[in-house]
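Chemist: show me the folded form of this:
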Amino acid sequence: MHIKNFSPELLEAVKNKNKYMAERMLESEALAKEVKKETRYEVICEHYFDEDYYQYSKVIVPFPHYQIEVKKNYKDKYEISCPTLYKLIDNNNFSFYQLSRIEEQFKKPNNIGKLTEKKLHDWETYYRHVYYKAVDKLEEIKTRVQSFKNEIIDTGLYVNWSNETSGEIIKNGIKFKFNLIEGHPILNIEIHYKVPNTLQSFLKLSDNNYQ
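Modeler: Numbers count the residues shown, from 1 in each chain. Prediction:
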């Protein structure tokens, strides 16, 4: 996926392949002009292509570490979002649930019927607070994960890693399994499946003599 700048030639090329898609491109350009009239912020209209085929457009307001996206719904109302937030989602560390809990800590502005500088600023302020809070939370989780992983590695035992945040250690017939969910370790200790269910196995395990 790559971005192309709007031009009459580009529009014509898209129109030759799909008239409806060309109309979508023009709608995005028109929306970008609307937003530019109401704000001092920079406004960019990006057109995304898969090879030479137009896919979609985005009207964004860029900031140093994140972007605000502006859309219009079927009721002709503006919808403001922050796509940068979803790039922070990591199934092993930072989830949609974590993000939603952070969003609830701040008052979300009302939906926009008429776009103004103040309303756009209110949404930018909201997402700025959410973004930096989310970044701090993600760093906190990563630090906790790394601390636990260091503890595992420092045992000097062989670790069979399933992925970056889960794995198992097998020693003397005992299996120690771990899985880090949002930085919290889920642990389980069990007898390895190769250990026979015999009295002798039990006695050796209980005396830490099983090999």
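Chemist: tell me the contacts of the residue nearest the centre of the chain?
Modeler: Centroid check for the chain by C-alpha atoms, centre = their mean gives I89 as the closest residue, at 2.3 Å. By C-beta atoms under 8 Å, 6 or more residues apart in numbering, the contact list for I89 reads S95, F96, L99. Using the backbone N, CA and C atoms, a C-beta is placed for each residue, glycine as well.
Chemist: can I get the buried part of these as one PyMOL selection?
Modeler: Filtering these down to the buried ones (16 or more other C-beta atoms under 10 Å) takes a single PyMOL command:
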select buried, resi 99
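Chemist: and the contacts of I89, which of them are in helices?
Modeler: Cross-referencing the contacts of I89 against helices under DSSP state H gives F96, L99.
Chemist: only C-alpha atoms, please: export the longest strand seen in the chain in PDB.
Modeler: Under DSSP state E, the strand in the chain containing the largest number of residues is strand 53-62. Output of strand 53-62 as PDB, limited to C-alpha atoms (Å, rounded to 0.1, in the frame of the first residue of the first chain):
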ATOM      1  CA  TYR A  53      -5.500   0.400  -7.900                       C
ATOM      2  CA  TYR A  54      -7.100   3.100  -5.700                       C
ATOM      3  CA  GLN A  55      -8.300   1.700  -2.400                       C
ATOM      4  CA  TYR A  56      -9.300   4.600  -0.200                       C
ATOM      5  CA  SER A  57      -8.500   8.200   1.000                       C
ATOM      6  CA  LYS A  58      -7.900   9.700   4.400                       C
ATOM      7  CA  VAL A  59      -8.200  13.300   5.600                       C
ATOM      8  CA  ILE A  60      -5.800  13.700   8.400                       C
ATOM      9  CA  VAL A  61      -4.500  16.500  10.700                       C
ATOM     10  CA  PRO A  62      -0.900  15.500  11.600                       C
END
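Chemist: who are the packing partners of it?
Modeler: helix 8-17, helix 19-38, strand 44-50, strand 67-72 (3 or more C-beta pairs under 8 Å, 6 or more residues apart in numbering; DSSP states H and E).
Chemist: from D50, how far out is M21?
Modeler: Taking C-beta to C-beta, to the nearest Å as the criterion, M21 is separated from D50 by 12 Å.
Chemist: so between these two, which is more surrounded?
Modeler: Counted by other C-beta atoms under 10 Å, M21 and D50 do not tie: M21 has more neighbours, with 16 against 10.
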